[in-house]
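Chemist: With the input below, show me the fold.
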Amino acid sequence: MQDEEILREEIAEEARDDVVEEFDGDYPIEIEGLRNEFGNQVVHEDLSLRVQRGEILGVVGGSGSGKSVLMRSIIGLQIPAAGEVRVFGKNTIGAEPDEEAAVRSRWGVLFQGGALFSTLTVAENIEVPLKQFYPELSAELRHEIARYKVRMSGLPEDAAAKYPSQLSGGMRKRAGLARALALDPELLFLDEPTAGLDPIGAANFDNLTRDLADTLGLTVFLITHDLDTLYAICDRVAVLADKKVVAVGTIPELLELDHPWIQEYFGGPRSRAAQVTSTRAKAMDNAADGKA
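Modeler: Now for the predicted structure:
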């Protein structure tokens, strides 16, 4: 298993380096002057944002603020009317096919609901990006990678052979995460990953995200409306309002701003309750670490 993992990583690295050189900058995602529009409706106007390497960035905003549209613009599913999107220093808008594919192989995406192929098993879903980007891999190696990603996402091994319809909502989220991790990405995009989960399931998914980010050195772009998630695992939060990113910072830094949406969102009773929960959880973790 270890030799196969090394082989897979070497193949992936060689394929990526053919087109995209190693990125050593501080901001793997940089957006400048972004404009998105649908007919006469302008969703984003002159939006700019830089995502720091190795951080979990929470992205919040009111309904219709264009959080998912922003993510889709970064990953190439939405073509902006204006502006520039750079990923690993490369402008992804209008990039050459080979260059675009090389960049896309370095990120993973978990869409809302998991977006799994219903006619494929969990393992087969995980193998889809492997077949797309690395067709030279043997079927045996693909199967082994899929099993490994299933375990990495916290699913039981027997989940690999199940279809999405046979999984609970939380398990489908984890299966989608396993597929997002299939290519050993450097960037991970999560769109409302805890939506629809019970509080325990949401907290477990948050902890898994934090552990994976720390262990694998991931940069995470996380769209959420879950205040518990923001307090528990996000290093910074970007706020979408007025068709742009109006602020980026830690929650205490955001609370010092006088923007009405920020004050209403982070200054309300639900936010205060989430802060208390987060403070208690961190205190318990620190106490456990001290006993250990």
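
Chemist: What is the distance between stretch 127-146 and the centre of its chain?
Modeler: Its chain's average C-alpha position is 22 Å from that of stretch 127-146, according to CA atoms, centre = their mean, to the nearest Å.

Chemist: So for it, first residue to last residue, what's the gap.
Modeler: In stretch 127-146, first residue to last residue: 6 Å (CA to CA, to the nearest Å).

Chemist: go on, stretch 24-40?
Modeler: First residue to last in stretch 24-40 (CA to CA) measures 40 Å.

Chemist: what does stretch 179-187 give?
Modeler: Separation of the first and last residues of stretch 179-187 by CA to CA is 13 Å.

Chemist: Run through who's touching it.
Modeler: Applying CB atoms under 8 Å, 6 or more residues apart in numbering, the external contacts of stretch 179-187 come out as 8-9, 12, 23, 28-29, 87-88, 105-110, 116, 125-130, 133-134, 145-146, 149, 152-153, 188-190, 212, 216-221. Backbone N, C-alpha and C define where each C-beta goes, glycine included.

Chemist: Derive a ChimeraX selection command for the buried subset of those residues.
Modeler: Here is the ChimeraX selection string for the buried members of the contacts of stretch 179-187, based on 16 or more other CB atoms under 10 Å:
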select :8,12,23,28,29,87,88,105,106,107,108,109,110,116,125,126,127,128,129,130,133,134,145,146,149,152,153,188,189,190,212,218,219,220,221
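
Chemist: So which of the contacts of stretch 179-187 sit within helices?
Modeler: Among the contacts of stretch 179-187, the ones falling in helices (DSSP state H) are 8-9, 12, 125-130, 133, 145-146, 149, 152, 212, 216.

Chemist: and these, which two are the farthest apart?
Modeler: Greatest spatial distance among those (CB to CB): 9 and 125, at 21.3 Å.

Chemist: Test my guess that residue 127 contacts residue 142.
Modeler: Yes: using CB atoms under 8 Å, residue 127 is in contact with residue 142, at 4.8 Å.

Chemist: For residue 210, grab the count of nearby residues.
Modeler: Residue 210: 17 surrounding residues under other CB atoms under 10 Å.

Chemist: tell me the centre residue of the protein?
Modeler: Among the residues of the chain, the one closest to the centroid is residue 189, at 2.1 Å (CA atoms, centre = their mean).

Chemist: so that residue touches residue 107, yeah?
Modeler: Yes: if you go by CB under 8 Å, residue 189 and residue 107 touch, sitting 6.4 Å apart.

Chemist: Can you show me the strands along the stretch 51-200 of the chain?
Modeler: Assigned by DSSP state E, counting those that start in this stretch, the strands in the stretch 51-200 of the chain fall at 56-61, 82-87, 90-91, 107-110, 187-191.

Chemist: Need the residues touching each of residue 189 and residue 107.
Modeler: In contact with both residue 189 and residue 107: residue 75, using CB under 8 Å, 6+ apart.

Chemist: So residue 230 belongs to a strand, correct?
Modeler: No: per DSSP: H, G, I helix; E, B strand; the rest coil, residue 230 lies outside any strand segment and is helix.

Chemist: Please name the bridge partners of the spatially closest residue to it that is not a sequence neighbour.
Modeler: The shortest distance from residue 230 to any non-neighbouring residue, by CB to CB, 6 or more residues apart in numbering, is to residue 58 (4.8 Å). Beta-bridge partners of residue 58, counted by DSSP bridges, are residue 222, residue 237.

Chemist: Near residue 58, how many other residues are there?
Modeler: Residue 58 has 26 nearby residues by other CB under 10 Å.
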